[in-house]
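Engineer: I need the structure of the sequence given here:
(4 chains)
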Protein chains: 4
Amino acid sequence: MIIVLKENPDKKQLENLEQWLKAMGLEIHYSKGTNTTIMGLIGDTASVDDDLIRALDIVDTVKRVQEPYKNASRKFHPMDSVIDIGGKVKIGGGNFAIMAGPCSVESEDQITQVAQAVKASGAHCLRGGAFKPRTSPYAFQGMRAKGIELLEKAKDLTGLPIVTEIMDISHLDLFENVDVIQVGARNMQNFELLKELGTVRKPILLKRGLSSTLKEFLMSAEYIMAGGNENIILCERGIRTFETALRNTLDLAAIPFLKQRTHLPIIVDPSHACGISDMVLPMSIAATAAGADGLLIEVHNDPAHALCDGPQSLKPEEFDELVGKVEAVRPFAYREGS
Amino acid sequence: MIIVLKENPDKKQLENLEQWLKAMGLEIHYSKGTNTTIMGLIGDTASVDDDLIRALDIVDTVKRVQEPYKNASRKFHPMDSVIDIGGKVKIGGGNFAIMAGPCSVESEDQITQVAQAVKASGAHCLRGGAFKPRTSPYAFQGMRAKGIELLEKAKDLTGLPIVTEIMDISHLDLFENVDVIQVGARNMQNFELLKELGTVRKPILLKRGLSSTLKEFLMSAEYIMAGGNENIILCERGIRTFETALRNTLDLAAIPFLKQRTHLPIIVDPSHACGISDMVLPMSIAATAAGADGLLIEVHNDPAHALCDGPQSLKPEEFDELVGKVEAVRPFAYREGS
Amino acid sequence: MIIVLKENPDKKQLENLEQWLKAMGLEIHYSKGTNTTIMGLIGDTASVDDDLIRALDIVDTVKRVQEPYKNASRKFHPMDSVIDIGGKVKIGGGNFAIMAGPCSVESEDQITQVAQAVKASGAHCLRGGAFKPRTSPYAFQGMRAKGIELLEKAKDLTGLPIVTEIMDISHLDLFENVDVIQVGARNMQNFELLKELGTVRKPILLKRGLSSTLKEFLMSAEYIMAGGNENIILCERGIRTFETALRNTLDLAAIPFLKQRTHLPIIVDPSHACGISDMVLPMSIAATAAGADGLLIEVHNDPAHALCDGPQSLKPEEFDELVGKVEAVRPFAYREGS
Amino acid sequence: MIIVLKENPDKKQLENLEQWLKAMGLEIHYSKGTNTTIMGLIGDTASVDDDLIRALDIVDTVKRVQEPYKNASRKFHPMDSVIDIGGKVKIGGGNFAIMAGPCSVESEDQITQVAQAVKASGAHCLRGGAFKPRTSPYAFQGMRAKGIELLEKAKDLTGLPIVTEIMDISHLDLFENVDVIQVGARNMQNFELLKELGTVRKPILLKRGLSSTLKEFLMSAEYIMAGGNENIILCERGIRTFETALRNTLDLAAIPFLKQRTHLPIIVDPSHACGISDMVLPMSIAATAAGADGLLIEVHNDPAHALCDGPQSLKPEEFDELVGKVEAVRPFAYREGS
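Structural biologist: Now for the predicted structure:
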């Protein structure tokens, strides 16, 4: 961490700062110029609060040299993490997993039909929303507990591990038979929820927030990992920008960027990112080519009658085509160091 | 609501759509051109899901003519709402309230000193963080329950109503003596929390999310109001944009824009928006001039020793100056229809 | 075009509007509801100014149903355009072209060395900056006329067509032997320049502006095409968002989105978009997989001594690897309708 | 400038870097930690290219301590600049100027009527577009040379100095009798144009680009000033963000932020920023309260018949009210150090 001091800093305040930093076990190295004095802090600065130091009258700027995350960092864990999903599927470290299913669980017929269809096409996990975050209080809020029951039935029927979203800590008991707990984009910084998920021992699918930086994304993974749960799957799902042509802007450069910094697997959700089904196939191919470890794809048995998020859903036959094209491009995908 | 159909829509699908819309009690008016057919829906479309209709193969675009919120809408409630805070302070409808205090409650001395200082300067409420949302799991997370106790002591001492942030439903019992419950920017779309706060009968201070549109902001207020709690205070606190000169971009045009659409009071938090204390005074004056109903200002007894968010905190004497300048500009502030 | 009128529109103003629209050759179809009246305009609305109509007191909203561009539209030109570059290279319609070279031309040695290297690796065109747009007036502004001379020498030596950026109409004469004239992101809406380039008959490489929507991007292509020059190559080069991890956010969904709407070829510049060389290879593979018609890649003989934009430049051996990997992924790239 | 080196930098490369920096007249101070070495550069670093240094394999990050602009910097010119407009109006240093008029000059009647109306209300300058940047090539492009002639007539009639936009260097001769030359948002980084305007000796009204940072804004002012023209008026006109409720997001915090860093006057254009006339009055009051040195306001004699940008134009009587309310708030506006 580097602290650039303002010109002629107050001596008393500088002494206070020095004492405080030393009390945290840090060494200080000075570099003095004609107008500027720079303090270089040596030691473990992860728990040092940048903002606190910036607050001081004598400080001009503060800059971190080391990353503020550790458990998630590739520096301390150079090998790719491989996450086990329900004892049946692996993701990361060369293992690629496609999670597919409807935006919302709507009925037993619907979810079992979709589950069978996506399994036949080669999906590795079944995803479906039981608790649904909706912008309007008047929109369908999901089948909730009943939805999870139906997912479990579909799992029993097909053997596919299931992935579904949690919206509040108080629902955690309902997720006992869920294989992967999803944290939605709007909850990426619901820190109380993240902490609670740190005490769980099953994989967490953490979606990037709509306006979250990649650093914040890793810090949210770190929140869960700090609690002891290292089974995190990161998911890029588009960010909010000025462009309104598509729902969000899918940030595929996030994949190689994150892979350099973390050992955690990274998947991509092109369905939510783009918001229209036409874009799901090309963006699935592109995400795979960029080095993603998997995909999260919305598939519906009848998009015209879906109760939510229909426009981005693929029909089963479209999904089938997608799996084939994604598998075809995989051998030519980017892989660092290869 | 207007539905623009694609060219040559499938007859069967069109019939299905018509039946479904009529089943929801809507009338349909057609406008046919050479290439385009437009359906105009007449009736209450608030519960119609735009996305569902967009999903249909035969639909090109869907456009709302009416707002999707009702309780929050000025159309159905033309007069400004006046929110009562702890029986002592009013906000809205010409009542202006300044809420001031430290980012975090840190000790009894600290919070009582700040409370007495801001009261002496003319603040109407004391704010202070007990539960703190922090990007890093290793940063100070607030004094939590103990922090609320200390706020209550400061309230007893000064008579100032207290405002503090809730981060999870499970903490609600701790907020019994809190006068205004704050929902932070990161929780603006924590819909389970919003629903729960709809069952409470005390004022909710709802902060705009970092990347939330003004429409989404009103929809989140609607979530709480749909549960029966109409005591909502909206708070603009800056949005995330490409500009990194200041922490966020304070969107003051949101004030007159929201005032046209809602009867709810709107306050501004220039401290978090700008992130540096130099900008707090000019932006407080500007927000007041733009027609805000109040301000949320960070004040600390000693910024150099704050455990969080120091750079944006004002010293008590700076806050005192701010109150004077804000009061001076109030008679010349924008007020619609005046 | 659809015009939604406000409730109880002034009769006189409505008559004026009707007359004005009819005078433009448009037919009007009405759809009247209890509160809303909708006008559907039938006919050629490309020259109708949305803003003008929105200005009217009686108008609530205006929505386009048809696209405001024609020459660039795939509707009127369903087949992919194939652009000829210097009689030697084709791009579009299945023809893939890689344009490579240094950010700035710096010396004869430099440009000829790079030209020979990229040719050996399989590049189709040589690119290099002679006129350089630089944020600071004190930074190197390019070799200008001399730089174009050196590019011509490298062209003579290697046979590679050359691509270089124009910054002002007054320099056009210098571009006589240039094969592709590049319009930089900052000039995407320099409309006087675009008009002038409409009178030229050589290919224009039009870069997307940093904060330009895809619709605006197509409208800028339309500016050039309206002047008679149909040889436009579109280039996605990243947009400006809140994310600062990389220089810009590369918007690869733009490729399939634009391909649906225009027949023009689309290439991608991952070097400028990401700003660091590590990201150039994965994003080149991903862009190709997403269906791009070509790439624009920065290659330098010695990045450490480049006078500008070094961090994103590849070494010749890295570029050589890139060409191989891009060619390998091409057969598996997304192609609509295939 | 601070350079953070990577661990174990190559000795040869480090030597090269040291020599190169010393050759530029800079002193180097080292600060060595266990993992990191930091170089602090002392001296004039304005012409050092950050990017060049970042390109080096041995460099981790580069950070500027000093600003890259000089002529525009308040450090080197602590007093507010006062710009003289046509020998009749002053702006800056406590002088407040309102520039008003139509978006486009459309006819002699129109411009003279508006000129007389805004003069009567107290405007200091007449603005009007002769050359119009339009997204569509099919939209009205302005009256061009004829428009400037009409502005000159209106100036002769009313005595108001005139402000109009330049779109290309080649038109400069037409601006001989124009008092303030406006550079539009889309040309803020048209560097060839900026350089040319550095050779002129009349005031330049420089609008902030839609996605330009405040630092880039100051660098564009610096471009003009580097050429010898110090008469720059900065204009905040809204930035492009994810929010689509209004056309752009007006960034009023830019005013106090820029005022700390530059001596140049700063005005605000709420008409273009918001895009709807309802917002112009509140945002004019707010901008003035935030410390702006003036306003740029669109006024039309008959918005319903304007050929462009009508929705944001005020009627003369609305403008008259605005001038009164803006003058009323001025004594209570923020002023640093007061």
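Engineer: Chain neighbours aside, what residue packs nearest to residue A:199?
Structural biologist: Using C-beta to C-beta, 6 or more residues apart in numbering or on different chains and skipping the chain neighbours, the partner closest in space to residue A:199 is residue A:227 (5.5 Å). Every C-beta, even on glycine, is put in place using the N, C-alpha and C of the backbone.
Engineer: I misspoke; the intended subject was residue A:198.
Structural biologist: Across the structure, with C-beta to C-beta, 6+ apart as the measure, the residue nearest residue A:198 apart from its sequence neighbours is residue A:227 (1.7 Å).
Engineer: same thing with residue A:82?
Structural biologist: Nearest non-adjacent residue to residue A:82, counting by C-beta to C-beta, 6+ apart: residue A:93, 4.2 Å away.
Engineer: Same question for residue A:281.
Structural biologist: residue A:322 (5.3 Å).
Engineer: Pretty sure that neighbour sits in a helix.
Structural biologist: Yes: read with DSSP: H, G, I helix; E, B strand; the rest coil, residue A:322 is one of the residues of a helix.
Engineer: now the strands for chain A?
Structural biologist: Read by DSSP state E, chain A holds these strands, from start to end of the chain: A:2-5, A:27-32, A:37-42, A:59-63, A:83-85, A:89-91, A:97-101, A:125-127, A:162-166, A:180-183, A:204-207, A:232-236, A:266-268, A:294-298.
Engineer: Mind putting these into JSON lines with mean pLDDT?
Structural biologist: As requested, the strands of chain A are arranged in JSON lines below (pLDDT from 0 to 100):
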{"stretch": "strand A:2-5", "mean pLDDT": "83"}
{"stretch": "strand A:27-32", "mean pLDDT": "78"}
{"stretch": "strand A:37-42", "mean pLDDT": "80"}
{"stretch": "strand A:59-63", "mean pLDDT": "81"}
{"stretch": "strand A:83-85", "mean pLDDT": "98"}
{"stretch": "strand A:89-91", "mean pLDDT": "98"}
{"stretch": "strand A:97-101", "mean pLDDT": "98"}
{"stretch": "strand A:125-127", "mean pLDDT": "98"}
{"stretch": "strand A:162-166", "mean pLDDT": "98"}
{"stretch": "strand A:180-183", "mean pLDDT": "98"}
{"stretch": "strand A:204-207", "mean pLDDT": "98"}
{"stretch": "strand A:232-236", "mean pLDDT": "98"}
{"stretch": "strand A:266-268", "mean pLDDT": "98"}
{"stretch": "strand A:294-298", "mean pLDDT": "97"}
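Engineer: In TSV, list these along with mean neighbour count and distance to chain D.
Structural biologist: TSV is the format used below for the strands of chain A (neighbours: other C-beta atoms under 10 Å in any protein chain shown; distance: least, C-beta to the nearest C-beta, whole Å):
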stretch	mean neighbour count	distance to chain D
strand A:2-5	21	6
strand A:27-32	16	4
strand A:37-42	22	4
strand A:59-63	18	6
strand A:83-85	22	30
strand A:89-91	22	31
strand A:97-101	28	28
strand A:125-127	29	27
strand A:162-166	25	23
strand A:180-183	24	22
strand A:204-207	26	18
strand A:232-236	27	17
strand A:266-268	26	21
strand A:294-298	27	23
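Engineer: thinking again about what came up before, list the contacts for the residue nearest to residue A:199?
Structural biologist: Contacts for residue A:227 (C-beta atoms under 8 Å, 6 or more residues apart in numbering or on different chains) come out as A:194-199, B:137.
Engineer: what about burial for those, which qualify?
Structural biologist: Neighbour-count burial (16 or more other C-beta atoms under 10 Å in any protein chain shown) applied to those gives A:194-198, B:137.
Engineer: Just the closest of the residues you listed to residue B:187, please.
Structural biologist: Using C-beta to C-beta, residue A:194 is the member of the buried ones among the contacts of residue A:227 that sits closest to residue B:187, with 12.7 Å.
Engineer: which residues sit in contact with the spatially closest residue to that closest one that is not a sequence neighbour?
Structural biologist: Among residues not flanking residue A:194 along the chain, residue A:223 sits closest, at 4.0 Å (C-beta to C-beta, 6+ apart). With contact set as C-beta under 8 Å, 6+ apart, residue A:223 has these partners: A:191, A:194-195, A:198, B:137.
Engineer: quick revisit: among the strands of chain A, which comes closest to residue C:145?
Structural biologist: Across the strands of chain A, residue C:145 has its closest neighbour in strand A:59-63 (41.2 Å, C-beta to C-beta).
Engineer: Report the inter-axis angle for the closest one versus strand A:37-42.
Structural biologist: Interaxial angle of strand A:59-63 relative to strand A:37-42 (axes from the mean of the first three to the mean of the last three C-alpha atoms, to 10 degrees): 40 degrees.
Engineer: Any part of the least confident helix or strand in chain A by mean pLDDT near chain B?
Structural biologist: Here the helix or strand of chain A ranked lowest by mean pLDDT, DSSP states H and E is helix A:50-54, holding a mean of 75. Yes: for a cut-off given as C-beta under 8 Å from any C-beta of the partner chain, helix A:50-54 has contacts with chain B, namely A:51-52, A:54.
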